[in-house]
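[1] need a 3D model of the sequence below.
(one chain, ligands or ions: 1)
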Amino acid sequence: MNNLVWLVFDSARYDAFVAAHTPVMNHISMTDRRWSYASWTAPSHLAFLMGAVPHHNKPGLLASTQYADEILRWAERLAIEGSNTVLRDFVPPLSLPAFLAKLGYRCEAYVSLPVLNPQTVLSAHFHTYELMPEHNHLEAILQRLEFSDEPSFFFLNTGETHYPYTLHWEDASNFPRIPGLNGVWRNPQEGLNSNCEKEIFNPHMLRTLWHRQVAAIEYLDTVVAKLLEFAPENTWFIITSDHGELFGEDGLFGHGPICHDKVFEVFFLEGQHPGAC
Ligand SMILES: [Zn+2]
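    Residues are numbered from 1 along each chain as shown. Purely as a prediction, here's the structure:
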């Protein structure tokens, strides 16, 4: 059976990913343009943990057919026999970690955004589920990962690509604190005292922020290179985003209670460890 590493770049836009230079991730797979099931972090991750990767949005296909096709794809991803077994064991719990645990996987999650904390329903069925102390430190997450003879499922969420698009050694104090984007889940009172709209809706700053997200993706590509160095060749990778981000389109910024193509449009790539090919 394959190990499974599912890596989520929080808030990374499809066009930012395409603009970034990502030779390491390109070696895993071509990048696909997909659509998220949700416009913000928690419900999008819930869909992931139900085994639902971002969808194709193809016309002419029944939704029920697409759901079944996606569930059956887990047989290929995990290198297991028998699609009937996949359907039988996946439904009705509809929980990817429960399904994998039944197959003998050790299931571990390392998440970075506080809205995904271990007290939420998202932590169900994992053997280990940890909220990382920093929201933007994928390299620290990699230090938690230990592959062994038993198959592993590592579900990883990292926030270098989340506002304010800073790497773990960078100072974010020059950027406005935006409740709901950074901080409200750690300090609810902050959400009641928000007055940052005038600061953020500046066209030059919005463009700068988009470029910062591109730079964060390029940095993450170098971290994925480190992951590939110690991940066994029988490892399947899924790398995607939980939703996009608005950088001023139609007067909108961020993600969440927003219905806009650029919030639902995400990048998606998956494939076997390139060393195995
Ligand atoms: Zn998110």
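
[2] which parts of the stretch 51-200 of the chain are helices?
    In the stretch 51-200 of the chain, the segments counted as helices under DSSP state H, counting those that start in this stretch are 63-78, 83-90, 96-102, 138-142, 188-191, 197-200.

[3] tabulate the ones you listed in JSON lines, adding columns for mean pLDDT, distance to the ion and mean neighbour count.
    Yep, even glycine has a C-beta here, placed from its N, CA and C like the rest. What follows is the helices of the stretch 51-200 of the chain, written out as JSON lines (pLDDT from 0 to 100; distance: least, C-beta to the ion, whole Å; neighbours: other C-beta atoms under 10 Å):
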{"stretch": "helix 63-78", "mean pLDDT": "88", "distance to the ion": "21", "mean neighbour count": "15"}
{"stretch": "helix 83-90", "mean pLDDT": "79", "distance to the ion": "25", "mean neighbour count": "15"}
{"stretch": "helix 96-102", "mean pLDDT": "95", "distance to the ion": "18", "mean neighbour count": "20"}
{"stretch": "helix 138-142", "mean pLDDT": "98", "distance to the ion": "15", "mean neighbour count": "19"}
{"stretch": "helix 188-191", "mean pLDDT": "46", "distance to the ion": "17", "mean neighbour count": "12"}
{"stretch": "helix 197-200", "mean pLDDT": "60", "distance to the ion": "17", "mean neighbour count": "12"}
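
[4] so which of these gets nearest V223?
    Of all those, it is helix 138-142 that lies closest to V223, at 4.7 Å by C-beta to C-beta.

[5] gap between the closest one and the chain center?
    14 Å (C-alpha atoms, centre = their mean, to the nearest Å).

[6] so which elements touch it?
    strand 152-158, helix 203-230 (3 or more C-beta pairs under 8 Å, 6 or more residues apart in numbering; DSSP states H and E).

[7] which other residues reach the first one?
    Just to be clear, that refers to strand 152-158. 3-10, 45, 48-49, 96-97, 100, 105-113, 116, 126, 136-138, 141, 145-146, 220, 242 (C-beta atoms under 8 Å, 6 or more residues apart in numbering).

[8] if any of those residues are buried, put those into a PyMOL selection.
    Of those, the buried ones can be selected in PyMOL as follows, counting by 16 or more other C-beta atoms under 10 Å:
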select buried, resi 3+4+5+6+7+8+9+10+45+48+49+96+97+100+105+106+107+108+109+110+111+112+113+116+126+136+137+138+141+145+220+242
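
[9] of the contacts of strand 152-158, which belong to strands?
    Among these, the residues falling in strands (DSSP state E) are 3-9, 106-111.

[10] how about low-confidence regions in the stretch 51-200 of the chain?
    By pLDDT under 70, the weakly predicted segments of the stretch 51-200 of the chain are 178-200.

[11] closest point of it to the ion, which residue?
    L113 (6.0 Å; C-beta to the ion).

[12] I'd guessed that residue sits against W40; true?
    No: taking contacts as C-beta atoms under 8 Å, L113 lies outside contact range of W40: 10.0 Å.

[13] can you count the residues close to E229?
    By other C-beta atoms under 10 Å, 9 other residues sit near E229.

[14] swap in the one 3 residues further on?
    Residue crowding around P232 was assessed by other C-beta under 10 Å; the count is 15.
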